[in-house]
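Enquirer: based on what follows, work out the 3D shape:
(chains A and B)
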Protein chains: 2
Amino acid sequence: MKGTITIHHNSGKRQIELLRFIEEHLNGSVVSMEEDAGIIMKSVDVVSTDSFTIYPLFFPGGDIGKLAVTGSVNDVVMLGAEPIYMTLSIILEEGFPLDSFEKVISSIDSELRGNNLKVLCGDTKIMNKGSVDGLIINTTCFGKSVGKPLSVYNIEPGDAVIVTGPIGLHGATIMALRKGFEFNFHSDCRTLIPLLEIVKRFNVKAMRDATRGGVAQILNEIATSANCDIVINEDMLLIPEGVKTISEILGIDPLYLACEGTAVVFCDERDTGEALELLGDLGFYPSFIGHVREKGVIPRVLLKNRYGVERVLPMLVEELTPRIC
Amino acid sequence: MKGTITIHHNSGKRQIELLRFIEEHLNGSVVSMEEDAGIIMKSVDVVSTDSFTIYPLFFPGGDIGKLAVTGSVNDVVMLGAEPIYMTLSIILEEGFPLDSFEKVISSIDSELRGNNLKVLCGDTKIMNKGSVDGLIINTTCFGKSVGKPLSVYNIEPGDAVIVTGPIGLHGATIMALRKGFEFNFHSDCRTLIPLLEIVKRFNVKAMRDATRGGVAQILNEIATSANCDIVINEDMLLIPEGVKTISEILGIDPLYLACEGTAVVFCDERDTGEALELLGDLGFYPSFIGHVREKGVIPRVLLKNRYGVERVLPMLVEELTPRIC
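Expert: Model prediction:
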């Protein structure tokens, strides 16, 4: 589609045209855009909201549209719930190319369909040129718990820590793209709905997707909330070679790079073997990376090397990559 | 509070500080910010989402924080549901003053408390200086229907059209403020929860708050959806003198100015008298402005003057005031 978003798409006739355009592209995945609110027909009990400000909007492995669906979906999955509905709020800069917008909406459509999700209601706002950089999307996702709700407060010393896939792919992709580096990997951006299978079958205590701040930051946040230490084995970490290279060039630790399709799972240690097997069958590349243990003076995350030496993986203090999601 | 938002508030330790700051200011109104998602404990069946990009952030009668609560709340009320929960997603520009942020959060807090609402989950994103103008807030509100769901599709010829309060105050306030005019009125920004009383007691078919595009645009959208004409009497419209003056100076029709606390209500004509009385008792300034009738060739909104002459109030084509909400 040719042309650009104009300020007149903010209200009146042109806004209705914009809403129709979105509705047509999300054909079958939208309940109704006629009213300002939507009706929930199926019972829901978990909700998550996220605003997506990623730059650049298009990247190997996805775009802001795909990410806006998978990001909120994954937060709902992390509490042990099956995503059912979504709201969609779009903020556009005057002058934004309509063909790029069409690509983003098509990505949203394909991700909604692939995951059997419906958009219940939406909103569009156009901001004057220079007031916002391109496009921001907010999604709120609601789901239904498949069992007891998961929570970091369920975590106990002795629990196993599993990472469901390769580490740092999304963050490394965005950083490499921004720096203009050549690279041969892509973002891991995907929904984690299949993880609900291990929630149904095993004693999973908590899950968290390793987005902003990566595995190291997420583990730190969980250690603090659960008031315990988390010890992980360096040798068990699955970090793609390309991610290692980019990290070395940029002088950063890949453990702090965002993932958008990899989660950290805490479960009863007795279930570890079977959970890993099922995860493999579901198409994940899981690794059993460590354990929860009683905290020392303060809750910490410790990285143990092959000689058994532990060093602290501190909480992130400086922002590595703004607009990573 | 002194200082500004930095890019480091986007993740890690500083983000946790920012989340704690928000949680403390919303003390008692936040379920939990520990997880990325929240648990819905009460049954809900209506949802609405809105992103607020208003400029300027502070205005007589409210600010972006108050508006972000009332805006989504009102969309849920318009479908005949009592708002219960809300999600809160905040996008900040690097360099945003913390004292202004504190004022906005305090407004949100006061509006949540005043309406007995809980924040279920939230999200914060910091964008680099220049990538977004100051502050954007997205809220998604969930509520429980108090009776049968309202819908513009319920509207029939013969139904009465009531406007619940003065017209154009929000739009006129923002326009006057931006132009640097002196004026002695303020935005009507408020929640419309008390309107649920007329929904419970009378045969209300549909309601819509007259935000972007004002009463004239909202009536046009409803006429199109309901496939009928709407005829309103010029003499019955309650337009404050200050709004008329500003509109004359700017050469715009006040019927297209946004309201943020005034709704259009469609109800069975037989209930009009009692509904108006109850609305008055509830603190509204309602006026019975017209009727729905069979459509002519295409659905239209007609404004009838005191001599019985009808003229078309067309759908808005050009945006009057971007960033009005």
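Enquirer: where does the stretch 1-150 of chain A have low pLDDT?
Expert: Low-confidence segments of the stretch 1-150 of chain A (pLDDT under 70): A:33-34.
Enquirer: where do the helices of it begin and end?
Expert: With DSSP state H, counting those that start in this stretch as the criterion, the stretch 1-150 of chain A has helices at A:12-25, A:64-78, A:98-114.
Enquirer: just send those back as CSV, with distance to chain B too.
Expert: Every residue, glycine included, has its C-beta placed from N, CA and C. Formatted as CSV, the helices of the stretch 1-150 of chain A follow (distance: least, Cβ to the nearest Cβ, whole Å):
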stretch, distance to chain B
helix A:12-25, 3
helix A:64-78, 4
helix A:98-114, 14
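Enquirer: residue A:149 is nearest to which of those helices?
Expert: Among these, the nearest to residue A:149 by Cβ to Cβ is helix A:64-78 (10.5 Å).
Enquirer: residues of the stretch 101-250 of chain A that sit close to chain B?
Expert: A:120-123, A:125-128, A:130-133, A:136, A:138, A:140, A:142, A:149, A:151-152, A:208-209, A:212-213, A:217, A:221, A:225 (Cβ under 8 Å from any Cβ of the partner chain).
Enquirer: hmm, try it at 7 Å
Expert: A:120-123, A:125-128, A:131-133, A:136, A:138, A:140, A:149, A:151-152, A:212-213, A:217, A:225 (Cβ under 7 Å from any Cβ of the partner chain).
Enquirer: still on that earlier bit, let me know which of the helices of the stretch 1-150 of chain A is tucked in deepest.
Expert: Compared across these, helix A:64-78 shows the largest average neighbour count, a mean of 28 (mean count of other Cβ atoms under 10 Å in any protein chain shown).
Enquirer: show me what it is in contact with.
Expert: Helix A:64-78 has contacts (Cβ atoms under 7 Å, 6 or more residues apart in numbering or on different chains) with A:46, A:48-50, A:52, A:54, A:57, A:83, A:86, A:104-105, A:107-108, A:111-112, A:115, A:135, A:137, A:139-143, A:189-193, A:195-196, A:207-209, A:260, A:263, A:325, B:36-37.
Enquirer: then stretch A:298-316?
Expert: With contact meaning Cβ under 7 Å, 6+ apart, stretch A:298-316 is reached by A:213, A:216-217, A:219-220, A:223-224, A:227-235, A:255-256, B:11-13.
Enquirer: list buried members of these by neighbour count.
Expert: Buried by 16 or more other Cβ atoms under 10 Å in any protein chain shown: A:213, A:216-217, A:219-220, A:223-224, A:228-234, A:255-256, B:11-13, out of these.
Enquirer: tell me how many other residues surround residue A:203.
Expert: 16 (other Cβ atoms under 10 Å in any protein chain shown).
Enquirer: for chain B, see how far away the closest residue to it other than its chain neighbours is.
Expert: Leaving aside its sequence neighbours, residue A:203 sits nearest to residue A:268 (Cβ to Cβ, 6 or more residues apart in numbering or on different chains; 3.9 Å). As defined by Cβ to the nearest Cβ, to the nearest Å, residue A:268 lies at a distance of 20 Å from chain B.
Enquirer: count the neighbours of residue A:268 for me.
Expert: 15.
Enquirer: how about the strands in chain A?
Expert: Taking DSSP state E to define them, one finds strands in chain A at A:38-39, A:46-52, A:58-59, A:62-63, A:81-93, A:118-127, A:135-145, A:160-163, A:204-209, A:229-233, A:263-267, A:287-293, A:301-304, A:310-312.
Enquirer: report whether the fifth one contacts chain B.
Expert: Pointing back at strand A:81-93 there. Yes. Counting by Cβ under 7 Å from any Cβ, chain B is contacted by strand A:81-93 at A:87, A:89, A:91.
Enquirer: contact partners for the last one?
Expert: What that stands for is residue A:91. A:125, A:127, A:132, A:136, B:51, B:53, B:136.
Enquirer: next one: it from residue B:258, what distance?
Expert: 18 Å (Cβ to Cβ, to the nearest Å).
Enquirer: wait, residue A:285 touches residue A:237, no?
Expert: No. Applying Cβ atoms under 7 Å, one finds residue A:285 not in contact with residue A:237, separated by 11.7 Å.
Enquirer: more crowded one of the two?
Expert: Taking neighbours as other Cβ under 10 Å, residue A:285 and residue A:237 compare with residue A:237 leading, 18 against 12.
Enquirer: so for whichever residue of the stretch 201-325 of chain A sits closest to chain B, what's the nearest residue that isn't a sequence neighbour?
Expert: Residue nearest to chain B within the stretch 201-325 of chain A: residue A:316 (3.0 Å; Cβ to the nearest Cβ). Once flanking residues are discounted, residue A:316 sits nearest to residue B:12: 3.0 Å by Cβ to Cβ, 6+ apart.
Enquirer: residue A:216 is in contact with the one you found, correct?
Expert: No. With contacts counted by Cβ under 7 Å, residue B:12 stays clear of residue A:216, the gap being 9.8 Å.
Enquirer: tell me how chain A divides into domains.
Expert: A:7-145, A:152-312 (automatic domain parsing).
Enquirer: could you look over these and pick the most buried one?
Expert: Of these, the one with the most neighbours on average (mean count of other Cβ under 10 Å) is domain A:7-145, at a mean of 22.
Enquirer: so the spatially most central residue of chain A versus residue A:195, what's the distance?
Expert: Closest residue to the average C-alpha location of chain A: residue A:71 at 3.7 Å, with Cα atoms, centre = their mean. Residue A:71 is 15 Å from residue A:195, where distance means Cβ to Cβ.
Enquirer: for residue A:253, same thing?
Expert: From residue A:253 to residue A:195 the distance is 25 Å (Cβ to Cβ).
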